[in-house]
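> Here is the input, now give the coordinates:
(one chain, ligands or ions: 2)
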Amino acid sequence: MSVIEPYRKTKIIAIANQKGGVGKTTTAINLGTALAALGRSVLLIDIDPQGNASTGLGILPSERSFTSYDLLFRSRPDELKSYTTSVPGLEIVPATSDLSSADVEMVQDPRRIHKMRDKLHSRIPNMVKRDFILIDCPPSLNLLTINALVAADSVLVPLQCEFFALEGLSQLMRTVQTVKAGSNPALKIEGIVLTMFDRRNNLSGQVESDVRENLGELVYETVIPRNVRLSEAPSHAVPALIYDHSSSGSVAYQKLAGELLARLQRSEHMAETA
Ligand code: ATP
Ligand code: MG
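Numbering: from 1, shown residues only. Ligands and ions are numbered 1, 2, ... in the order given. All right, here's what the predicted structure looks like:
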């Protein structure tokens, strides 16, 4: 078994796809949990006004006194509060519906697409050490998602195994290229993760080969199966890895975390030897 070394730097990963219901939040919660189980410290930032990641991790709306809205709009310099969860090593900055007015509030601000970057990068040096910051994006290519892309080191894209899987992906890729060409030249595509794979349905297999043929190495080897435990867990306010750690969905997210760490280690090694 190989030993995976910790990273020297906080890695910020935006989990994004403007398509709704493709598994962004399920991936943020369960990948975050699996990384924490592997000894990494993880901060999840929920920037979806729906607040699904916050609810799924058991932070009641009434408890959300410091939110991603506060981080973006109201925080004092250096202020960043986060909430502990049922998973040791996994904390969250929750979201509330306040955030639905964020786009309008930012529109006149000349730093509108840099707000998240400015806030996070000024705080990271003083933060308790975090290996990962995962940003759970809303289902839109709005200013909030752009803020996440400008702040992030990389973007992880959950792609649902369905007929129109690739539709919309080119628009997301164009947006990533625009951000890269302007505000965040270091932005990388961490990878594409196929979600809700149903092995009883031929279409899932066809979509998988189609996506792999088109996107090659970018596509993670790990595929997340359609698994009812993943959809039940949020109503129990815990990650699937705690709700039923041996379910196929939990096992897949553990494998995904291992693959992500191995890929990061490989790219760091290549950067060092280049
Ligand atoms: P939104 O765009 O609304 O933020 P999302 O992309 O974050 O959605 P999720 O909320 O993670 O998507 O998933 C959408 C629904 O599908 C949820 O009810 C979730 O529990 C369920 N779901 C996600 N992944 C799986 C899976 N692999 N198997 C079964 N159900 C899943
Ligand atoms: Mg979501």
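> T55 contacts S235, doesn't it?
No. Checked against C-beta atoms under 8 Å, the pair T55 and S235 is beyond contact range at 9.1 Å. Placement of C-beta: from N, CA and C, glycine included.
> Can you name the residues that contact the residue in the stretch 101-250 of the chain that ligand 2 sits nearest to?
For the stretch 101-250 of the chain and ligand 2, the shortest gap (C-beta to the ion) falls at D136, measuring 6.0 Å. By C-beta atoms under 8 Å, 6 or more residues apart in numbering, the contact list for D136 reads I15, K24, T25, A28, L44, I45, D46, I47, D48, N52, A53.
> of these, list those near ligand 1.
Contacts with ligand 1 within those, counted by C-beta under 6 Å from any ligand atom: K24, T25, D48, N52.
> How confident was the prediction at the residue of the stretch 101-250 of the chain closest to ligand 2?
At D136, the model reports a pLDDT of 98.
> count of neighbours near the nearest residue in space to it that is not next to it in sequence?
Closest residue to D136 apart from its sequence neighbours, by C-beta to C-beta, 6 or more residues apart in numbering: A28 at 3.9 Å. For A28, the neighbour count with other C-beta atoms under 10 Å is 30.
> Who is the residue of the stretch 101-250 of the chain closest to ligand 2 paired with across the strands?
With DSSP bridges as the criterion, D136 is bridged to I15, D46.
> Residue in this structure with the shortest distance to ligand 2?
For the chain and ligand 2, the shortest gap (C-beta to the ion) falls at T25, measuring 3.3 Å.
> Tell me if that residue really is in a helix.
Yes. Residue state for T25 (DSSP: H, G, I helix; E, B strand; the rest coil) corresponds to a helix.
> Who are the contact partners of it?
By C-beta under 8 Å, 6+ apart, the neighbours of T25 are D48, N52, A53, G56, D136.
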